[in-house]
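Chemist: Sequence and predicted structure are below.
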Protein chains: 2
Amino acid sequence: MDSRRIPRPTIKRLAVYHRCLENLVISGVPSISSKDLAERLGIKASQVRKDLSYFGEFGKRGVGYGTELLLDSISEILGIRKRWNTCIVGMGNLGMALANYPGLAGSGFITRALFDNNPNKIGIPMPNDLIIESTSLLKNIVRERNIEIGVITVPANAAQSTAELLIDASIKGIVNFAPVRLSLPPEVRNEEIDISVSFRSLAFSMTFGSSGRGRIR
Amino acid sequence: MDSRRIPRPTIKRLAVYHRCLENLVISGVPSISSKDLAERLGIKASQVRKDLSYFGEFGKRGVGYGTELLLDSISEILGIRKRWNTCIVGMGNLGMALANYPGLAGSGFITRALFDNNPNKIGIPMPNDLIIESTSLLKNIVRERNIEIGVITVPANAAQSTAELLIDASIKGIVNFAPVRLSLPPEVRNEEIDISVSFRSLAFSMTFGSSGRGRIR
DNA sequence: AAGTGTGAAGTCTTTCACAGCT
DNA sequence: AGCTGTGAAAGACTTCACACTT
């Protein structure tokens, strides 16, 4: 598969299809058409078919897609069987929330370490046998525990230096919740989640009646 | 201004420019070129100029943009002076984190109410003189306190019914953290933040070396 | 000389429309 | 008849390139 040609929005939608199919399989629905699947997600049927067509032919003409087969296929495409070891740096409110959030482990992202540089927080016990540890130990711990993904939940002014610590520990991907753009070497993958920018964008569209419902992109 | 023609990614970048300019103004930098601003954000200078050109001419040729003037102009465009009353529905980990997160109030999004339907949580005192209240009171409280934005942090299976409660209370915009697509009337604006989809997308690009750093879009 | 503002070109993504299977 | 898979068309967004201003 030549993933350079796969639109990023397609990957995000695949993850959404996956979740929807899990529910369908649980509900015992044996098959679904692109039209029905699209309707559930508020997108176009042709979008569903095009997304899937990048990876193969999973449907039966005249019938639709077998839910179990499609679920398996998408799991394969997204590498959903793989488990990823992650760590969270910055145990403020958001870091705490993520450490307590079962949805990540449920998706294969296992939190293996929690870091903060506030001495008052170090040692605090957390779920899953984790303890908040000093950021000064990050490099060793990341390597020992084979952590591949770092989650940055520190304040904006500490985000870049945190990223550099993670890179120095040979992390391969970063999810950055801090409201700054990180400068990273090209081999490190990066996903930004900027909550206040999303609120702002909502506010703008509320004020100016802009184009409306956000698509999955 | 004809906001129907403004690309959504432009709005999100405007919010990012705004934040960057705040720092520049604080640091006493009097002006900046599109090239320098773009470099700080990891995008192209022409993108910065095009984004701004949708709204007017803010720069001086041969010089650049006055930081204070540009900051004011973007504030005006994004309606940053306006204060938005918000409520959070679902006081699990994420709802708690948002209620404690100063970044939102700092951006003009004031949390005016917190709801949950777990009787054990109702009455718990929270920051800013707030108390967790019963979801059954939502409609009245939303109207009394002029709440315009609802933040959904309930589990996936409760998200749609929560959205309907909010709509029934005449909310105008929804930020949805639950991993489901809401079906909403067209006049209600909506922004989705799907954390596990972002992790999945990161994992995919880590596995298949896909096109790399997410742009602001 | 430096840097903006902007049509036009280029690239990426979505949607259409229909041939082809079941 | 119904629905997929997919080239081609449309649309959205970004980048180029250069005229224009300071």
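Modeler: Perfect, I can see it now. Numbering: from 1, shown residues only, chains lettered A, B, ... in the order given.
Chemist: So which bits of the least confident helix or strand in chain A by mean pLDDT are buried?
Modeler: None of the helices or strands of chain A scores lower by mean pLDDT, DSSP states H and E than helix A:102-106, at a mean of 90. By neighbour count with 16 or more other Cβ atoms under 10 Å in any protein chain shown, helix A:102-106 contains the buried residues A:103-104. Every C-beta, even on glycine, is put in place using the N, C-alpha and C of the backbone.
Chemist: For chain A, give me the ranges with low pLDDT.
Modeler: Applying pLDDT under 70 to chain A flags the ranges A:1-4, A:210-217.
Chemist: Tell me the residue in it that is farthest from the middle.
Modeler: For chain A, the largest distance from the centre (Cα atoms, centre = their mean) belongs to residue A:62, which lies 34.2 Å off.
Chemist: Compute the number of surrounding residues for residue A:97.
Modeler: Using other Cβ atoms under 10 Å in any protein chain shown, residue A:97 is surrounded by 22 other residues.
Chemist: Restrict stretch A:151-170 to CA atoms and write it as CSV.
Modeler: The C-alpha trace of stretch A:151-170 is given here as CSV (Å, rounded to 0.1, in the frame of the first residue of the first chain):
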residue,chain,number,x,y,z
VAL,A,151,1.6,12.8,25.1
ILE,A,152,2.4,16.5,25.9
THR,A,153,0.0,18.1,28.4
VAL,A,154,2.4,20.7,29.9
PRO,A,155,1.9,24.4,29.7
ALA,A,156,2.6,26.1,26.3
ASN,A,157,6.0,27.5,27.4
ALA,A,158,7.3,24.1,28.4
ALA,A,159,6.0,22.2,25.4
GLN,A,160,9.0,22.6,23.0
SER,A,161,11.5,21.6,25.7
THR,A,162,9.3,18.6,26.6
ALA,A,163,9.2,17.6,23.0
GLU,A,164,13.0,17.7,22.9
LEU,A,165,13.3,15.5,26.0
LEU,A,166,11.0,13.0,24.3
ILE,A,167,12.9,13.1,21.1
ASP,A,168,16.2,12.6,23.0
ALA,A,169,14.6,9.5,24.4
SER,A,170,13.9,8.3,20.9
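Chemist: Now do it: distance to the chain's middle.
Modeler: Taking Cα atoms, centre = their mean, to the nearest Å, the mean C-alpha location of stretch A:151-170 is offset from the chain mean by 18 Å.
Chemist: Contacts made by it with the rest, please.
Modeler: When contacts are defined by Cβ atoms under 8 Å, 6 or more residues apart in numbering or on different chains, stretch A:151-170 is touched by residues A:86-92, A:94-95, A:98, A:135, A:138-139, A:142-143, A:147, A:150, A:174-180, A:182-185, A:188.
Chemist: Pull out the buried residues from that stretch.
Modeler: Those would be A:151-154, A:158-160, A:162-163, A:165-167, A:169, for stretch A:151-170 by 16+ other Cβ under 10 Å.
Chemist: near DNA strand D too, which of these?
Modeler: Among the buried residues of stretch A:151-170, no residue sits close to DNA strand D (Cβ under 7 Å from any atom of the strand).
Chemist: Just these: which are in strands?
Modeler: A:151-152 (DSSP state E).
Chemist: Out of the buried residues of stretch A:151-170, which sit inside helices?
Modeler: Among these, the members found in helices (DSSP state H) are A:158-160, A:162-163, A:165-167.
Chemist: now check the helix ranked longest in chain A, is it near DNA strand C?
Modeler: Of all the segments of type helix in chain A, defined by DSSP H, the longest one is helix A:8-26. Yes: Helix A:8-26 reaches DNA strand C (Cβ under 7 Å from any atom of the strand) through A:8-10.
Chemist: Any of these buried? List them.
Modeler: A:8, A:10.
Chemist: which of the residues of helix A:8-26 next to DNA strand C are close to chain B?
Modeler: With Cβ under 8 Å from any Cβ of the partner chain as the criterion, the residues of helix A:8-26 next to DNA strand C include residue A:8 near chain B.
Chemist: Which one of the residues of helix A:8-26 next to DNA strand C is nearest to DNA strand C?
Modeler: The nearest member of the residues of helix A:8-26 next to DNA strand C to DNA strand C, counting by Cβ to the nearest atom of the strand, is residue A:9 at 3.7 Å.
Chemist: who in chain A is up against DNA strand C?
Modeler: Residues of chain A lying close to DNA strand C (Cβ under 7 Å from any atom of the strand) are A:7-10, A:43-44, A:46-47, A:49-50, A:60-63, A:215-217.
Chemist: for the buried residues of stretch A:151-170, which one is nearest residue B:24?
Modeler: Distance to residue B:24 across the buried residues of stretch A:151-170 (Cβ to Cβ) is lowest for residue A:160, with 16.4 Å.
Chemist: Do a quick rundown of the strands in chain A.
Modeler: So, for chain A - with DSSP E - the strands run A:31-32, A:59-60, A:64-66, A:84-89, A:109-116, A:125-126, A:130-134, A:149-152, A:173-176, A:189-192.
Chemist: which one of these is the most hemmed in?
Modeler: Compared across the strands of chain A, strand A:149-152 shows the largest average neighbour count, a mean of 26 (mean count of other Cβ atoms under 10 Å in any protein chain shown).
Chemist: what lines up beside that one in the sheet?
Modeler: With DSSP bridges as the test, strand A:149-152 is paired with strand A:84-89 (parallel), strand A:173-176 (parallel).
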